[in-house]
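Asker: the sequence and its predicted three-dimensional model are supplied below.
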Amino acid sequence: MQTFLVGGAVRDQLLNLPIKDRDWLVVGGTPEQLIQQGYQQVGSDFPVFLHPKTKQEYALARTERKSGSGYMGFVCDFSPDITLEQDLIRRDLTINAIAQDEQGTLYDPFGGINDLNHRILRHISPAFAEDPLRVLRVARFAARFHYLGFTIADETIKLMKTLTAQGELAHLTAERVWLETEKALNEKNPETYFFVLRQVGALAVLFPELDALYGVPNPAQHHPEIDSFIHTMLVLQQATLLTEQTELNKTAVRFAALCHDLGKALTPKAILPHHYGHEKNGVQPTRNLSNRLKVPSYDKALAELTCAYHSHVHKAFELRANTMIKLFNQFDVWRKPQRFLEFLTVCVADSRGRTGCERREYPQKDYLWQLYQTALQVDVQQVINDGFEKQRIRDELTARRILAVKQKIAEIRPHFDILTS
C-alpha cells in the first residue's frame, strides 16, 4: 500500500502558492486495511477516509467508466490492483494529475509540470468529455490562474465546445452550476469564467440572460467600451477589486455586479443605444436567473435591489430628501446597513467599469452614506415619548428623517458641488 499527495496541493506547491487542502491517494489498499489503521470512512458513493490524527482526506485509487448521461453517470472500481496512472488519467487537467510520494518524488505521467511551466490548462484524455461539469471547472481554473498568465489549450477549447453542443450541460443540476459559479466569483478574475463560458457556447445555455447582453450597445459618450456584456465584465472586475480586502459579502456583491444591467437586453432596438427603464426591466431576468440556479436568498435580494435602484445612486445629487428616505426604506438600511454598503459598492464598480474610468472618484457613495447616518440618528423613542401612536409613529419618524436629511443636504452639498464641478 502506497500513499501519494495529489491534486491541487501538488499543483499549488509547484506554483509557489499557499496550499489550502491536502488530498491523499492510496494505491494498493482496501477499505478494510484503512479502517484497521483507525481511518474513518466518510461518504457512501466511493471510499474516502479521514486520517485518524490529521483528519485529512485519503481516497482509494479508482477508475471510472461512463454509464449514463451527465456527471453522475459513472461506474467506479476501487480494486487494489488499480495503478497510480490509472487513477490520475481520470482527472480533468494535466496540472491536476501530478502526484508526490512520501519521499517527495514527483510522478507526472501526463506532462502536467510542463503545462504548469508553460501556463497551459489542458485536458488529459478524451474521457474529459464524459463529464459536463468539467466545462465549468476549466472556466473556473482559467479565472483562478488568469493573473499568472494561464490560457486554455486550443484542443481543450474545442472539446468544451463539442461537449456544450452535444447538450450535456442540460444534465447539470442547478446546485452544481451555482457551486462552480460561486467559486468562480471568488477567484481573482471572475470575469474570465464568463468569457470562457461564452467562448465555448455554455453561457447561452446556463446564463442566457447574461449572454443576451452581448452586442447590445450603450451610448459611446458614457460607455467607451460600447458593448453591454463587456461593460458588465468590467463592472465585475471592479467589484472584485473593491471587495478583495473587505468584510463585505464578496459573492453577493459580485453577483449583483453581474446582474445589474440585465434589463438592457430587453431594450427595444428602436431606442438603442439608450436604455430607458432598464433598471426595473432588469429585475425579472435577475429573478429568473437566481431562481433557476437556486442562488442564496441574500445574494438574490441584493442583485434585484441593485438592478432596480443603481441609477438612483448615480443621480444622488439630484434626489430630494423624501426620495432618499424612500430609498433607505427599500433597502431596510435601519436593520441591514451592510447590505446598503454592498449596494453602494456595486454602484462604484458600475461607475468605474467603463473603459478609461477605472480610477474615477465616486462621491455619491460618501454623500449617501452621510445622509443615511444622519437619518439613523433620528430617535424613534423620542417620537413615542412625544405622544405618537401606532401608524402615526412611522409617519412621524419618516417626516423627521426627511427633515434631518434635508438639513444635512443643505450643509454638505456645497462641499460635494466643489468635488463634482
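Answerer: Sure thing, it's come through. Numbering: from 1, shown residues only.
Asker: quick one: the helices in the stretch 51-200 of the chain?
Answerer: Applying DSSP state H, counting those that start in this stretch to the stretch 51-200 of the chain gives helices spanning 84-88, 112-117, 133-145, 154-165, 174-185, 190-199.
Asker: which other helices and strands contact the fifth one?
Answerer: Counting by 3 or more C-beta pairs under 8 Å, 6 or more residues apart in numbering; DSSP states H and E, the packing neighbours recorded for helix 174-185 are helix 133-145, helix 190-199, helix 250-259, helix 283-293. Backbone N, C-alpha and C define where each C-beta goes, glycine included.
Asker: same list, the helices of the stretch 51-200 of the chain, but as JSON lines with mean pLDDT please.
Answerer: Shown next, in JSON lines, are these (pLDDT from 0 to 100):
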{"stretch": "helix 84-88", "mean pLDDT": "92"}
{"stretch": "helix 112-117", "mean pLDDT": "98"}
{"stretch": "helix 133-145", "mean pLDDT": "97"}
{"stretch": "helix 154-165", "mean pLDDT": "96"}
{"stretch": "helix 174-185", "mean pLDDT": "97"}
{"stretch": "helix 190-199", "mean pLDDT": "98"}
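Asker: wait, which of the ones you listed is closest to Pro47?
Answerer: Pro47 sits nearest to helix 84-88 of all those, at 12.6 Å, using C-beta to C-beta.
Asker: tell me the buried residues in stretch 210-229?
Answerer: Neighbour counts over stretch 210-229 (16 or more other C-beta atoms under 10 Å) mark 210-213, 216, 218, 223, 225, 227-229 as buried.
Asker: what's the closest of those residues to Lys161?
Answerer: Asp211 (14.8 Å).
Asker: which ones are touching the closest one?
Answerer: Contact analysis of Asp211 by C-beta atoms under 8 Å, 6 or more residues apart in numbering lists 198, 203-204, 229.
Asker: give me that answer again for 6 Å
Answerer: 203-204 (C-beta atoms under 6 Å, 6 or more residues apart in numbering).
Asker: over to Gln237?
Answerer: Counting by C-beta under 6 Å, 6+ apart, Gln237 has contacts Glu191.
Asker: where does it land in three-state SS?
Answerer: helix (DSSP: H, G, I helix; E, B strand; the rest coil).
Asker: how much space separates it from Glu155?
Answerer: 28 Å (C-beta to C-beta, to the nearest Å).
Asker: again, but for Ala204
Answerer: In terms of C-beta to C-beta, Ala204 sits 22 Å off from Glu155.
Asker: not counting its neighbours along the chain, what's nearest Leu84?
Answerer: Excluding the flanking residues, the one nearest Leu84 by C-beta to C-beta, 6 or more residues apart in numbering is Val27, at 5.2 Å.
Asker: partner residues bridging the one you found?
Answerer: Counting by DSSP bridges, Val27 is bridged to Gln2.
Asker: any idea how far stretch 105-119 is from the chain center?
Answerer: 29 Å (C-alpha atoms, centre = their mean, to the nearest Å).
Asker: list the buried residues in it.
Answerer: Within stretch 105-119, the residues that count as buried by 16+ other C-beta under 10 Å are 107-113, 115-116.
Asker: and of those residues, the nearest to Pro273?
Answerer: Asp115 (42.5 Å).
Asker: looking at it, that closest one is touching Ile95, isn't it?
Answerer: Yes: at 5.4 Å, Asp115 counts as touching Ile95 under the criterion of C-beta atoms under 6 Å.
Asker: stretch 236-250: which residues count as buried?
Answerer: So stretch 236-250, judged by 16+ other C-beta under 10 Å, has buried residues 236-240, 242-243, 248-250.
Asker: got it, and stretch 304-316?
Answerer: 304-313, 316.
Asker: using a markdown table, lay out the residues you listed together with pLDDT, distance to Asp332 and secondary structure.
Answerer: Conversion of the buried residues of stretch 304-316 to a markdown table gives the following (pLDDT from 0 to 100; distance: C-beta to C-beta, whole Å; DSSP: H, G, I helix; E, B strand; the rest coil):
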| residue | pLDDT | distance to Asp332 | secondary structure |
| --- | --- | --- | --- |
| Glu304 | 98 | 13 | helix |
| Leu305 | 98 | 10 | helix |
| Thr306 | 98 | 15 | helix |
| Cys307 | 98 | 17 | helix |
| Ala308 | 98 | 14 | helix |
| Tyr309 | 98 | 13 | helix |
| His310 | 98 | 17 | helix |
| Ser311 | 97 | 20 | helix |
| His312 | 97 | 15 | helix |
| Val313 | 97 | 16 | helix |
| Ala316 | 96 | 19 | helix |
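Asker: ok, those vs Asp379, which is closest?
Answerer: Ala316 (25.2 Å).
Asker: ok, Val383 - contacts?
Answerer: Contacts of Val383 by C-beta under 6 Å, 6+ apart are 393, 396-397.
Asker: swap in Leu136?
Answerer: Glu180.
Asker: what's the distance between it and His222?
Answerer: 33 Å.
Asker: repeat that for Gly111.
Answerer: On the measure of C-beta to C-beta, Gly111 and His222 end up 48 Å apart.
Asker: can you list the domains in this structure?
Answerer: The chain breaks down into these domains under automatic domain parsing: 1-109, 119-206, 207-420.
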